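Peer 1: Pasted the sequence and its predicted model underneath.
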Amino acid sequence: MLAVGQPHPVTSTASRVPSRGIPADRARYRDVLGIGEFRVIFVANIVSMLGNVVAAVALTVLIYEQTHSPALAASVMALAFLPYLLGGVLLGSAPDRLPARRVLVVCDLLSTTLVAAMVIPGLPVAALLVLLFANGLISPVYQGTRAAVLPDVLPPGPGYVLGRSMMRMVAQSAQIVGYGAGGLLLTIMPPRGALAFDAASFAASAVLLRSGMRRRPARSAAAGSMAGDSLAGIRGVLAHRQVRRILLFSWLVPACAVTPEALAAPYASHIGQPARVAGFLLMGIPAGTVAADVIVARLLPGRLQRRLIVPAGLLVFAPLAVFAASPRLVPALGLLVISGLGAAWVAGLDGLLIAAAPPGLRGRALALESAGLMFIQGVGFALWGIAGQYVPLVAVIPAAAVIGILVVVTLRPRLQQPCAGLSPGAQPAHSPAAD
């Protein structure tokens, strides 16, 4: 395996993060939120995430108003995903090479500047898209750094899994609440006013993180260029068979599961509903995902979370097969909620990844997981959209379900039982292979 710099010498996470009385088998929300530093990261995430969702609505409307081009308006979503490939590949070593607090604050300030520039009246559409792309390059660095610092902030085991679950709940809830809030906001102010709101949200996040996070040194000494170091880190992570298997599972399952979201507007028309009904369909999977995180990450011990990975992964796709029968709006929404409940697999996979990644590559693995997930989901949106252009929807969505089931069965990860007292990055003992 490739060496990726010397890790900063630290004691185990278990000794650095107080347990706050968190039970060994499960954690409570008040336990996790009782950790002040996590509370700051969590609130900052809520603030910036809501601003981002509102801005996506505002920018789509602004570009459509200026061009009357559906393709250019849709490019807003495409440019939200594409930069994850470049940013994740070329800047993936930032979480290890730079102090976490500094990276997060600087990323927020850069985003504040870029989004504020979008507010300038008369800015050409091309300039708006360039600014959006530049801001997208920042996102994988920010999210990768935040993912890499969470194991230092949260206790290992149930505390870490529940904390990660809460961050996902914010992302899913922002989709449910934020799009509605964005539409409401645009009824009382122009799109550029909503963009100004997003810029302010980034600035508020920067202030929260600067004042509420502990200063930590970089995890490793800089060695060569950041791009070269990032590529070496990716090779090192993907050379680790178990980590590679976990990452592929975490990327390909969602890439297949987004099919009904990618085809929500055409499906609404297919069942005789106006295209705007797609907004209701888009709420189904996030609603189920939030419920799954509440139930699994909060109530189930780690051992059961890991054993649920395969059954829950299959639950994601079983309801999608029913779309071959063209269910009407209410049954379709119910099926999508059930599919979202299948996201219960994520909590168990979180624990497996943090346990499987070698200590020197843990930050790189978490950053790569985040960047890869966003990019491959974007590819999934594009590919399933193209398929829906030429193949009947009643065939595309069930076909995605079949492919997703094959992914779950083929890539099901080996179950691991973390050893007591090990830090999250330490190598646990392996149980017999599940495959």
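Peer 2: Yes, it's here.

Peer 1: so what's residue 386 up against?
Peer 2: Residues counted as contacts of residue 386 (C-beta atoms under 8 Å, 6 or more residues apart in numbering): none. Glycine gets a C-beta too; all of them are placed from N, C-alpha and C.

Peer 1: pLDDT score assigned to it?
Peer 2: The predicted structure scores residue 386 at 82 on the pLDDT scale.

Peer 1: so how far is residue 396 from it?
Peer 2: As for residue 386, its distance to residue 396 is 10 Å (criterion: C-beta to C-beta, to the nearest Å).

Peer 1: Residue 344 too?
Peer 2: 25 Å.

Peer 1: Repeat that for residue 164.
Peer 2: Distance, residue 164 to residue 396, using C-beta to C-beta: 32 Å.

Peer 1: distance of the nearest residue to residue 391 once chain neighbours are set aside from residue 292?
Peer 2: Take residue 391 and drop its neighbours on the chain: the residue closest to it by C-beta to C-beta, 6 or more residues apart in numbering is residue 399, 7.8 Å away. For residue 399, the distance to residue 292 equals 24 Å [C-beta to C-beta].

Peer 1: Between the two, which has more neighbouring residues?
Peer 2: Under the criterion of other C-beta atoms under 10 Å, the comparison of residue 399 against residue 292 puts residue 292 first, with 26 against 18.

Peer 1: Now the more buried one: closest residue in space that isn't a chain neighbour?
Peer 2: residue 344 (4.2 Å).

Peer 1: Help me confirm that that neighbour comes into contact with residue 306.
Peer 2: No - the criterion here is C-beta atoms under 8 Å, and residue 344 misses it with residue 306 at 11.2 Å.

Peer 1: Could I get the buried residue list for the host helix or strand of residue 304?
Peer 2: Assigned by DSSP states H and E, residue 304 falls within helix 302-307. By 16 or more other C-beta atoms under 10 Å, the buried positions in helix 302-307 come out as 302, 305-306.

Peer 1: between those residues, which is nearest residue 57?
Peer 2: residue 305 (34.3 Å; C-beta to C-beta).

Peer 1: ok, that closest one - contacts?
Peer 2: Residue 305 makes contact with 161, 296-297, 344, 347-348, 351 under the criterion C-beta under 8 Å, 6+ apart.

Peer 1: In a markdown table: the buried residues of helix 302-307, plus pLDDT and distance to residue 43.
Peer 2: Shown next, in a markdown table, are these (pLDDT from 0 to 100; distance: C-beta to C-beta, whole Å):
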| residue | pLDDT | distance to residue 43 |
| --- | --- | --- |
| 302 | 78 | 26 |
| 305 | 87 | 26 |
| 306 | 90 | 30 |
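
Peer 1: Let's have the residues you listed in a markdown table, adding distance to residue 190.
Peer 2: Formatted as a markdown table, the buried residues of helix 302-307 follow (distance: C-beta to C-beta, whole Å):
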| residue | distance to residue 190 |
| --- | --- |
| 302 | 49 |
| 305 | 46 |
| 306 | 49 |
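
Peer 1: which one among those residues gets closest to residue 194?
Peer 2: Checking those one by one against residue 194 (C-beta to C-beta), the nearest turns out to be residue 305, at 38.3 Å.

Peer 1: State the distance from the closest one to residue 351.
Peer 2: For residue 305 relative to residue 351 (C-beta to C-beta), the value is 6 Å.

Peer 1: returning to what we had before: from the contacts of residue 305, which has minimum pLDDT?
Peer 2: For the contacts of residue 305, the least confident entry is residue 297, with 79.

Peer 1: Once you drop chain neighbours, what's closest to that one?
Peer 2: Excluding the flanking residues, the one nearest residue 297 by C-beta to C-beta, 6+ apart is residue 165, at 3.3 Å.
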